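Enquirer: I'll drop the sequence and a predicted model, then ask my questions.
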Amino acid sequence: MLTESGEILDCKLRGKFRVQELKSTNPVAVGDIVRIELEEKSASITEIEKRRNYILRKSVNLSARMHILCANVDQALILFTIANPVTTLGYVDRLLVSCEAYGIKAVVIFNKMDKLESDKELQKLREFAATYSQIGYQVIMTNAKDAKHRDNLVGILKDKVSFVVGRSGAGKSTLINLAEPMLKLKTSDTSGGEGRGRHTTTYAEMFNLSFGGSIIDSPGFREMEIYDIRKDELAHFFPEMLQALPSCKYKNCNHVNEPGCRVRAAVEKGQISESRYHTYLGMLQEVE
Ligand code: ZN
């Protein structure tokens, strides 16, 4: 952990925290503000301050538990890549829902724009980007390896606590290196080439940025499974559904096949994207 004076300390966790937060596989998360007690050769965490927000994910190890991906952040930078690795829109949507649930601003970053193989692919990507911008999300198209994209990125990160999330190999470390070249984080490119899905970041870590703010690098994961979101509130975390859902005929409408559903009508009219609605239906099954 990082002390107020800028010192990096290895800290142990006192036993009681493991009991207090049984539901989480990690009692202390990256971004947590903690109190410590200095001991002769080490330090112990004695208190974790109440988190102002966090992003949770269902743990892959023990299905009943969750993993806290990060805590106390201002924004999440969600990486989308069309290939190497393929990121599905459902993956992005699940992260967006998690951000909505805890009031965290989300920025969708279409990375590896240099890897597009055809105009058709570019066209597809532009359509995806338009879908998310219309909902109100900030979308940027970039290539984290190209220094000319740095100014834009610095503008987004300045003075904020940002969490970078995406699949393994999507370019999280490369993006952080673009913002702060001094960090020289190891990337999948430097450890054996792209497309091999190598895990280079094995634990989440926060770095201070020289221009103000801090950034969290995290290990990539293949599937994003939400945790702690109820079926009846799910649609509220799709901002484009908010306008339609109060007009549904039934108050407890799940927007699946109920008569007089305004959300489904909006999908049919093209006001809500089919892919987002498809994710919604998939998530509804998962929370049941
Ligand atoms: Zn409905």
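Expert: The structure has been received and is ready for your questions.
Enquirer: what bridges to Phe207?
Expert: As for beta bridges, Phe207 partners with Ile215 under DSSP bridges.
Enquirer: what sits against it?
Expert: 176, 180, 183, 214-217 (Cβ atoms under 8 Å, 6 or more residues apart in numbering). Yep, even glycine has a C-beta here, placed from its N, CA and C like the rest.
Enquirer: ok, so of these, who is nearest the ion?
Expert: Ile216 (36.5 Å; Cβ to the ion).
Enquirer: surely that closest one touches Ser162?
Expert: Yes: counting by Cβ atoms under 8 Å, Ile216 touches Ser162, with 6.9 Å between them.
Enquirer: overlap in contacts of the two?
Expert: With Cβ under 8 Å, 6+ apart, Ile216 and Ser162 have common neighbours Val73.
Enquirer: out of the contacts of Phe207, who's near the ion?
Expert: Among these, proximity to the ion is found for none (Cβ under 5 Å from the ion).
Enquirer: now do the helices in the stretch 151-288 of the chain.
Expert: Using DSSP state H, counting those that start in this stretch, the helices of the stretch 151-288 of the chain run over 172-179, 262-268, 274-287.
Enquirer: please pick the buried ones from the contacts of Phe207.
Expert: Using 16 or more other Cβ atoms under 10 Å as the burial test, these include 176, 180, 214-217 as buried.
Enquirer: quickly check these for the two that are furthest apart.
Expert: Spanning the widest gap among the buried ones among the contacts of Phe207 are Glu180 and Ile216, at 12.6 Å by Cβ to Cβ.
Enquirer: any stretches of this protein with poor pLDDT?
Expert: Within the chain, the segments meeting pLDDT under 70 span 15-22, 61-64, 189-201.
Enquirer: got a list of what the most centrally placed residue in it touches?
Expert: The C-alpha lying nearest the average C-alpha coordinate of the chain belongs to Val165 (Cα atoms, centre = their mean; 4.4 Å). Contact partners of Val165, counting by Cβ under 8 Å, 6+ apart, are 55, 69, 76-79, 95, 172, 218.
Enquirer: what's the closest of the helices of the stretch 151-288 of the chain to Val139?
Expert: Across the helices of the stretch 151-288 of the chain, Val139 has its closest neighbour in helix 274-287 (13.9 Å, Cβ to Cβ).
Enquirer: who's in contact with stretch 32-49?
Expert: By Cβ under 8 Å, 6+ apart, stretch 32-49 touches 1, 3, 9-14, 17, 27-28, 51, 71-72.
Enquirer: which of the residues you listed lies closest to the ion?
Expert: Arg51 (32.7 Å).
Enquirer: can you tell me the SS state at that closest one?
Expert: Assigned by DSSP: H, G, I helix; E, B strand; the rest coil, the conformation of Arg51 is coil.
Enquirer: how many neighbours does the spatially closest residue to it that is not a sequence neighbour have?
Expert: Nearest residue to Arg51, sequence neighbours excluded (Cβ to Cβ, 6 or more residues apart in numbering): Ala71, at 4.3 Å. A count of neighbours around Ala71, defined by other Cβ atoms under 10 Å, yields 24.
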